[in-house]
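# My questions are about this predicted structure, shown below with the sequence.
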Amino acid sequence: MRKLTRQVAFDNAWDSERAAKVASLFDGLAPDWAERQADPSRQAPVLDALDRGGVDQSGWWLECGSGAGGNTSLLGSRLPKLVALDLAKEMLLHAPADAAPRVQGDSCSLPFASGTFVAVLLVNMLLFPAEIDRVLAPGGSIVWVNTLGDQTPIHLPVQDVMDALPGSWTGCTAQAGSGFWLCAQRSAASSPER
Ligand SMILES: C[S@@+](CC[C@H](N)C(=O)[O-])C[C@H]1O[C@@H](n2cnc3c(N)ncnc32)[C@H](O)[C@@H]1O
């Protein structure tokens, strides 16, 4: 996963074969996933990012790689406009139906118009920099969380996330619970014309 995480973020190394393998892996993990997501020490960085990350909470948010919906449930009451997206159908089927609309899709090619979201949340999820940037509104934010810090299988340090993103960004980061978060905001002046 470490190698794949770096290849996706820096080399755009993703194709239908990889997508099928990853979907199959997480489909198989889906029945037990909700239990993992329920650990308060893993939830702490997600909640702290919302509390202190300074990201607009009134506009549309996209949670990419939402898994079995643990974070979606956690955030749904605070984010009135939240969409949860995952590649693995079984993950989505295990997610609660009432927390947010659930969409099956691949983050390398998101089924949303450019500039739709004020924020994209990625919790232990692969980073597809160009596509995330495309769906963000000018001045939008990415919220990157690794719930087990540098022990997270899908992990990138803060500086690598900043380096992988196109254009000019400013960020703030903190540790919380067992992990860390980064809230990075695209400079509105450097956002492409939509
Ligand atoms: C490590 S799990 C994390 C799930 C959840 N965010 C959490 O914190 O528990 C990674 C999730 O990302 C999903 N995923 C992997 N590649 C994806 C892609 N290209 N597009 C959308 N989801 C993807 C997987 O199906 C899986 O549910």
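Perfect, I can see it now. The structure presented is a predicted model; accordingly, all values stated were derived computationally and were not measured. Numbers count the residues shown, from 1 in each chain.

# Please tell me how far residue 20 sits from the ligand.
11 Å (Cβ to the nearest ligand atom, to the nearest Å). (Each C-beta comes from the backbone N, C-alpha and C, glycine too.)

# Please work out the average pLDDT along the strand or helix carrying that residue.
Under the criterion of DSSP states H and E, residue 20 resides in helix 16-37. Helix 16-37 shows a mean pLDDT of 94.

# after the lowest-mean-pLDDT helix or strand in the chain, next one along is what?
One helix or strand of the chain scores below all others by mean pLDDT, DSSP states H and E: helix 70-76, with a mean of 90. As assigned by DSSP H and E, the chain's next helix or strand after helix 70-76 is strand 82-86.

# Quick one: end-to-end length of stretch 144-155, please.
Distance between the two ends of stretch 144-155: 10 Å, counting by Cα to Cα, to the nearest Å.

# For it, give the mean pLDDT please.
Average pLDDT, stretch 144-155: 97.

# Would you mind listing the buried residues in that stretch?
Neighbour-count burial for stretch 144-155, with 16 or more other Cβ atoms under 10 Å as criterion, is recorded at 144, 145, 146, 147, 148, 152, 154, 155.

# now stretch 133-144
Residues of stretch 133-144 classed as buried by neighbour count (16+ other Cβ under 10 Å): 133, 134, 135, 136, 137, 140, 141, 142, 143, 144.

# likewise stretch 56-75?
Neighbour-count burial for stretch 56-75 flags 59-75 (criterion: 16+ other Cβ under 10 Å).

# Stretch 40-57 too?
Buried residues in stretch 40-57 (16+ other Cβ under 10 Å): 42, 43, 44, 45, 46, 47, 48, 49, 50, 53, 55.

# Would you agree the fourth one is in contact with residue 173?
No - if you go by Cβ atoms under 8 Å, residue 45 and residue 173 don't touch, sitting 10.0 Å apart.

# any shared contact partners between those two?
Shared contacts of residue 45 and residue 173 (Cβ atoms under 8 Å, 6 or more residues apart in numbering): 180, 181.

# quick one: is stretch 64-76 near the ligand?
Yes - in terms of Cβ under 6 Å from any ligand atom, part of stretch 64-76 sits within range of the ligand, namely 64, 65, 66, 67, 70, 71.

# Just the CA trace of that stretch, in CSV.
Taking Å, rounded to 0.1, in the frame of the first residue of the first chain, the C-alpha atoms of stretch 64-76 are listed here in CSV:
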residue,chain,number,x,y,z
CYS,A,64,-13.3,10.2,-0.9
GLY,A,65,-12.7,6.6,0.2
SER,A,66,-15.4,6.8,2.8
GLY,A,67,-15.2,3.0,3.6
ALA,A,68,-18.0,1.7,5.8
GLY,A,69,-19.2,5.2,6.7
GLY,A,70,-17.7,5.6,10.2
ASN,A,71,-16.4,9.1,9.5
THR,A,72,-19.5,9.9,7.4
SER,A,73,-21.7,9.2,10.4
LEU,A,74,-19.4,11.2,12.7
LEU,A,75,-19.4,14.2,10.4
GLY,A,76,-22.8,14.0,8.9
